[in-house]
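Chemist: Sequence first, then the predicted structure:
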Protein chains: 2
Amino acid sequence: MAGQWRQRQLCVLVLLSAGIYVFLLNQFTDSIRMWTTRNAATTILVLTPTYPRPTQIADMTRLCNTLMHIPSLFWVVVEDAYNKTENIAELLEFCSVPFVHLAKRTPRNLTGPYKGRGVTNRNEGLRWIRENVHTIVSDNRSAVVYFADDDNAYDIRLFEEIRKTDPNRVSMFPVGTIAGTGVSSPIIDQDGSLLGFFDPYPAKRKYMVDMAGFAVGLEILLRSGAKFVYRTGALEDYFLRDLHFQEEDIQFLADRCTRILAWHVKTSGGPFIKLITLADKLKPFVNNTNLFELVRLYSPVPR
Amino acid sequence: MAGQWRQRQLCVLVLLSAGIYVFLLNQFTDSIRMWTTRNAATTILVLTPTYPRPTQIADMTRLCNTLMHIPSLFWVVVEDAYNKTENIAELLEFCSVPFVHLAKRTPRNLTGPYKGRGVTNRNEGLRWIRENVHTIVSDNRSAVVYFADDDNAYDIRLFEEIRKTDPNRVSMFPVGTIAGTGVSSPIIDQDGSLLGFFDPYPAKRKYMVDMAGFAVGLEILLRSGAKFVYRTGALEDYFLRDLHFQEEDIQFLADRCTRILAWHVKTSGGPFIKLITLADKLKPFVNNTNLFELVRLYSPVPR
């Protein structure tokens, strides 16, 4: 009797353990599957040129808040400055997005109304990507490069669209709040063929697209030496031409360019009196108050 | 011998099962603990007034991206419109933040340069909170109300600061990129006493604070009938006076007001020609292209 009871006990325990094992195995298999999917997906390399101005931290903070939602994303942040700044370094340290922080100042002779903006630091980011991409994207994975300015607005669904870009192709999609027309987009017919571009600024451009309106497969970027030129209004077009792809190879994303998931906007804040000037007037008590810290932290210096 | 072997087997199985049980128990206990913490925490009620304009969706999208990071937050969105709009409804549906979507149009005789903005819809939000807060915050939990405009920028750490607000008190903290001084903040001495306010716009105000620079405990709000008045530049001050609290009861957050975690900024995009006007010119082929969808979706109508 005792032996039989023990045998039954054994049976129950074996079944129970088996059940628990199956449950756990499922749990772990799920985790591994999720991990594999995340790792097998195309990596998005987001290249953000940034420069010192009063709204810089506000803009970079909002972009960080957006990018933190996106898995398999690597952030290439390039300051237009001689040295990396403490403010941006602290922000990136807090932001849970894998990143590289670079700095390259635009030479004085290459600034001005016709020279374009963010050229030097975008090119520095491209140089970094071409030289170091193997350390962040392994051979058997694909990647795509997107140029995300810090002041624009992005729907998180944009990044899942961008991820569809073939490593050997260029993708395009609409951008909202473009001055003039309100939107910039490729015009495509019902067969998905390119008819032209809907954009407020034709200027004899072959590709009338905004910086926020295209993404580039890593392979096509690595094959070409394409970089940005110092010429206002020609940045996107010259860069895209330099990639040497066929028009029929462009991928049109965002439900065949019918959805707006990126907005070209500017942030305004100011005008400012330099905080330090005002604080000077308050000197009698600034040193014994919180203003001392605020002055130290936050002296908006327009470029 | 066979009996002994079976006994040993039994022993091993019992130990193994016990180990697995302890492991699982730990897992579940952790989950419950986390769930309790999240639920015991103060709920943040974020009240956002919004109005139709070309950059509205871009701004609301960025704010959604920010709020999605914050646990125990409820979003009260009030449009300045006769009816709730499809665009905002879709955005809130996608955004994984618990919300209520309301609409109340500012009467025509209460618009104008001296009447203030966002008064009608902020008051509608306050009315909703006073009447319905029991459905989202249970009796044994605390809550705090924060007025977050859709175009401002917020560091996600701001919300953990706001959560510290006592239900019976008002909290204050610095706001960055304020036109003029670059920052608006209470000035507090080393003992934590209020010395005054650092703000570009004194205007005989008792509380010289920006809309983004304070949060109100739910109890103090419910006790008072405080609402916003139609008077430019007096919104924050009159509302705060109406709450009838003692100056020494103000809580100073963000490391004794030494950190900037909120920025008062505006988004600029445009000027726009109405998309529909331009699309009219393209009519010969607009109906057979993606532009048809874009025109339908996105006709920026300045207020």
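Modeler: Arrived safely, thanks for sending. Numbering: from 1, shown residues only, chains lettered A, B, ... in the order given.
Chemist: Based on its surroundings, how many neighbours for the residue of the stretch 1-150 of chain A found nearest chain B?
Modeler: Scanning the stretch 1-150 of chain A for proximity to chain B using CB to the nearest CB identifies A:Ala58 as nearest, at 3.6 Å. C-beta coordinates here come from the backbone N, C-alpha and C atoms, glycine included. Neighbours of A:Ala58 under the rule other CB atoms under 10 Å in any protein chain shown: 25.
Chemist: Could you break chain A into its assigned domains?
Modeler: Following automatic domain parsing, one finds the domains of chain A at A:1-40, A:42-264, A:271-303.
Chemist: Nearest to B:Leu218 among those domains would be which one?
Modeler: Each of the domains of chain A has some distance to B:Leu218 by CB to CB; the shortest is domain A:42-264, at 25.7 Å.
Chemist: model confidence over that closest one, on average?
Modeler: Average pLDDT, domain A:42-264: 95.
Chemist: Tell me where chain A has helices.
Modeler: Taking DSSP state H to define them, one finds helices in chain A at A:2-40, A:56-67, A:86-94, A:119-136, A:157-162, A:218-223, A:235-242, A:253-257, A:275-281, A:283-286, A:291-297.
Chemist: Counting neighbours, what do you get for the closest residue to A:Phe214 other than its chain neighbours?
Modeler: The shortest distance from A:Phe214 to any non-neighbouring residue, by CB to CB, 6 or more residues apart in numbering or on different chains, is to A:Met172 (4.8 Å). Number of residues near A:Met172 (other CB under 10 Å) recorded here: 24.
Chemist: hmm, back to that, which one of the domains of chain A is the most hemmed in?
Modeler: Among these, domain A:42-264 has the highest mean neighbour count (mean count of other CB atoms under 10 Å in any protein chain shown), at a mean of 19.
Chemist: List the contacts of the residue minimising distance to the centre of chain A.
Modeler: Closest to where the C-alpha atoms of chain A average out (CA atoms, centre = their mean) is A:Val46, at 3.2 Å. Neighbouring residues of A:Val46 by CB atoms under 8 Å, 6 or more residues apart in numbering or on different chains: A:67, A:73-76, A:146, A:148.
Chemist: And the residue nearest to A:Ala226 when sequence neighbours are not counted, how close does it get to A:Ser72?
Modeler: Leaving aside its sequence neighbours, A:Ala226 sits nearest to A:Asp242 (CB to CB, 6+ apart; 3.5 Å). Between A:Asp242 and A:Ser72 the distance, using CB to CB, to the nearest Å, works out to 27 Å.
Chemist: one step back: okay, the contacts of A:Val46 in JSON lines with distance to chain B next?
Modeler: Listed next are the contacts of A:Val46 as JSON lines, based on distance: CB to the nearest CB, whole Å:
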{"residue": "A:Leu67", "distance to chain B": "9"}
{"residue": "A:Leu73", "distance to chain B": "14"}
{"residue": "A:Phe74", "distance to chain B": "19"}
{"residue": "A:Trp75", "distance to chain B": "15"}
{"residue": "A:Val76", "distance to chain B": "20"}
{"residue": "A:Tyr146", "distance to chain B": "16"}
{"residue": "A:Ala148", "distance to chain B": "13"}
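Chemist: Output stretch A:199-217 as PDB, nothing but the C-alphas.
Modeler: As requested, C-alpha coordinates have been extracted for stretch A:199-217 and formatted as PDB (Å, rounded to 0.1, in the frame of the first residue of the first chain):
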ATOM      1  CA  ASP A 199       6.800  70.200 -53.600                       C
ATOM      2  CA  PRO A 200       6.900  74.000 -53.200                       C
ATOM      3  CA  TYR A 201      10.400  74.400 -54.500                       C
ATOM      4  CA  PRO A 202      11.100  72.800 -57.900                       C
ATOM      5  CA  ALA A 203      14.400  74.700 -58.600                       C
ATOM      6  CA  LYS A 204      15.400  72.300 -61.400                       C
ATOM      7  CA  ARG A 205      15.800  69.500 -58.900                       C
ATOM      8  CA  LYS A 206      15.600  65.900 -60.100                       C
ATOM      9  CA  TYR A 207      14.500  64.700 -56.600                       C
ATOM     10  CA  MET A 208      12.200  67.300 -55.000                       C
ATOM     11  CA  VAL A 209      12.200  65.800 -51.600                       C
ATOM     12  CA  ASP A 210      12.700  67.100 -48.100                       C
ATOM     13  CA  MET A 211      15.500  65.800 -45.800                       C
ATOM     14  CA  ALA A 212      12.800  64.100 -43.700                       C
ATOM     15  CA  GLY A 213      11.200  62.400 -46.800                       C
ATOM     16  CA  PHE A 214      13.700  59.600 -47.700                       C
ATOM     17  CA  ALA A 215      15.800  56.800 -46.300                       C
ATOM     18  CA  VAL A 216      18.800  55.100 -47.800                       C
ATOM     19  CA  GLY A 217      19.700  51.400 -47.700                       C
END
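Chemist: you'd agree A:Gln190 is up against B:Phe292?
Modeler: No. The criterion here is CB atoms under 8 Å, and A:Gln190 misses it with B:Phe292 at 10.1 Å.
Chemist: Strands along the stretch 151-300 of chain A, start to end?
Modeler: Secondary structure of the stretch 151-300 of chain A, counting by DSSP state E, counting those that start in this stretch: strands at A:153-154, A:170-172, A:175-176, A:183-188, A:194-198, A:214-217, A:251-252, A:262-263, A:266-268.
Chemist: Give me the contacts around the third one.
Modeler: The contact list for strand A:175-176, computed with CB under 8 Å, 6+ apart, reads A:182-185, A:209-210, A:212-213, A:260, A:262-264, B:57-58, B:298.
Chemist: make it 7 Å
Modeler: Strand A:175-176 is contacted from outside by A:183-184, A:210, A:212-213, A:260, A:262-264, B:58, B:298, using CB atoms under 7 Å, 6 or more residues apart in numbering or on different chains.
Chemist: do the same with the fifth one
Modeler: Contacting residues not belonging to strand A:194-198 are listed as A:181, A:183-189, A:208-209, A:247, A:250, B:285, B:289, B:291 [CB under 7 Å, 6+ apart].
Chemist: what do you get for stretch A:97-108?
Modeler: If you take CB under 7 Å, 6+ apart as the criterion, stretch A:97-108 is touched by A:64, A:67-68, A:73-84, A:88-89, A:92, A:119-121, A:124-125, A:128.
Chemist: One more pass at 6 Å, please.
Modeler: Stretch A:97-108 is contacted from outside by A:67-68, A:74-84, A:92, A:120-121, A:124, A:128, using CB atoms under 6 Å, 6 or more residues apart in numbering or on different chains.
Chemist: What of stretch A:109-122?
Modeler: Here stretch A:109-122 makes contact (CB under 6 Å, 6+ apart) with A:49, A:78, A:80, A:104, A:106, A:228, A:230-232, A:235.
Chemist: just the CA coordinates of it, formatted as PDB?
Modeler: C-alpha atoms of stretch A:109-122 as PDB (Å, rounded to 0.1, in the frame of the first residue of the first chain):
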ATOM      1  CA  ASN A 109      34.300  80.100 -45.000                       C
ATOM      2  CA  LEU A 110      31.500  77.500 -45.500                       C
ATOM      3  CA  THR A 111      28.800  79.300 -43.600                       C
ATOM      4  CA  GLY A 112      26.400  81.800 -45.100                       C
ATOM      5  CA  PRO A 113      23.000  82.100 -46.700                       C
ATOM      6  CA  TYR A 114      23.900  80.000 -49.800                       C
ATOM      7  CA  LYS A 115      26.100  77.400 -48.300                       C
ATOM      8  CA  GLY A 116      23.300  75.200 -46.700                       C
ATOM      9  CA  ARG A 117      23.100  74.100 -43.100                       C
ATOM     10  CA  GLY A 118      24.100  70.900 -41.300                       C
ATOM     11  CA  VAL A 119      26.400  69.900 -44.200                       C
ATOM     12  CA  THR A 120      29.700  69.500 -42.300                       C
ATOM     13  CA  ASN A 121      28.100  67.500 -39.400                       C
ATOM     14  CA  ARG A 122      26.000  65.300 -41.700                       C
END
